[in-house]
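Q: Sequence plus the predicted model coming up.
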Amino acid sequence: MDTTRTTSAPAPDDPASGLRAALALRRLAERVEANQVAAARRAGWSWQQIGDALGATRQSVHVKYGK
């Protein structure tokens, strides 16, 4: 059986690896959120509805994504 590491999970004792993984996850989450906000707007959702779904104010969501 091949025991080489095939996943990109961080080593538990390597803070640099863990922090890189956290950064990658944050960037992915931001892209997913932006795509879903755009989809919601195309579907006719209001900024209030989007803010409610994200646990944020409509103003903060509009400022972030209302370009």
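A: Received the coordinates, thanks. Numbering: from 1, shown residues only.

Q: if I look at the closest residue to A11 other than its chain neighbours, how far off is R41?
A: In this structure, A11 finds its nearest non-sequential neighbour in S17, 5.2 Å apart by Cβ to Cβ, 6 or more residues apart in numbering. Using the backbone N, CA and C atoms, a C-beta is placed for each residue, glycine as well. From S17 over to R41 the distance is 37 Å, taken as Cβ to Cβ, to the nearest Å.

Q: Stretch 44-61: how far from the chain's middle?
A: 16 Å (Cα atoms, centre = their mean, to the nearest Å).

Q: Same question for stretch 34-48.
A: With Cα atoms, centre = their mean as the basis, the mean position of stretch 34-48 lies at 15 Å from the chain mean.

Q: Can you measure across it, start residue to end residue?
A: End-to-end distance of stretch 34-48 (Cα to Cα, to the nearest Å): 16 Å.

Q: still on that earlier bit, any idea of the mean pLDDT in the helix or strand hosting the residue nearest to A11?
A: Per DSSP states H and E: S17 is located in helix 15-42. Averaging pLDDT along helix 15-42 gives 97.
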